[in-house]
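Student: following is a predicted model, sequence given first.
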Amino acid sequence: MADLFKIVDELIGAADLHDVVLADSDGAVASFAGVVRDNTKGRATRYLEYDVYAEMAEKEMRAIGEEVKARWEVDAVGILHGKGRMEIGDISVLIAVSSPHRKAALEACHFAIDRLKETVPIWKKEVWTDGEAWIDGDPSSSPPEAVAE
């Protein structure tokens, strides 16, 4: 079992972190996969594009892992985030947390994705069928605004 925090160029698979974080003493691995969907609040999405300051992002992801370990009884934390163009159905972010018990793993995983959205320097451009925009924050919390193509 090991912690892993990495910005990647290749496609992320749903099970990519499972064996990395799992130890024989663990009774749970909780994971979260953020997936590119085909719309934002009903507005048709063509694809997403992520830009990232990789060195700083990996440092911030590691800080999230350290915070998780300080707050919950977990054994390992893994966070992968993609960069560049992502198509509908691609996994843009994958988080996995291993723990002896499910409650800690689930709570820690939830915390990790929320903290990642708050602190990690990753920028997302949504490209819709009728425009595009760089999105700041969680797009589910406010309506998207278009920039002419």
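Tutor: Sure thing, it's come through. Numbering: from 1, shown residues only.
Student: which residues of the protein fall in strands?
Tutor: Along the chain, the stretches classed as strands by DSSP state E are 4-8, 28-35, 39-40, 43-52, 76-82, 84-86, 91-99, 122-128, 131-135.
Student: just checking, what packs against the second one?
Tutor: What that stands for is strand 28-35. Other elements packing on strand 28-35 under the criterion 3 or more CB pairs under 8 Å, 6 or more residues apart in numbering; DSSP states H and E are helix 18-21, strand 91-99, helix 102-119. (Glycine included, C-beta is placed from N, CA and C.)
Student: check the longest one too.
Tutor: Other elements packing on strand 43-52 under the criterion 3+ CB pairs under 8 Å, 6+ apart are strand 76-82, strand 84-86, strand 122-128.
Student: how far away from the center of its chain is the shortest one?
Tutor: From the chain centre to the centre of strand 84-86 is a distance of 14 Å (CA atoms, centre = their mean, to the nearest Å).
Student: repeat that for the last one.
Tutor: Mean C-alpha position of strand 122-128 versus that of the full chain (CA atoms, centre = their mean) differs by 14 Å.
Student: what do you get for the first one?
Tutor: If you compare the mean C-alpha spot of strand 76-82 with that of the full chain, they lie 7 Å apart, counting by CA atoms, centre = their mean.
Student: could you check the angle it makes with strand 4-8?
Tutor: Per axes from the mean of the first three to the mean of the last three CA atoms, to 10 degrees, the angle that strand 76-82 makes with strand 4-8 is 10 degrees.
Student: strand partners (parallel or antiparallel) of strand 76-82?
Tutor: Using DSSP bridges, the strands paired with strand 76-82 in its sheet are strand 4-8 (parallel), strand 91-99 (antiparallel).
Student: pick the most buried one from those.
Tutor: Comparing these by mean neighbour count (mean count of other CB atoms under 10 Å), strand 91-99 ranks first with a mean of 25.
Student: show me how far that strand is from its chain's centre.
Tutor: 7 Å.
Student: same deal with stretch 103-117?
Tutor: Distance of stretch 103-117 from the chain centroid (CA atoms, centre = their mean) equals 11 Å.
Student: understood, closing this out.
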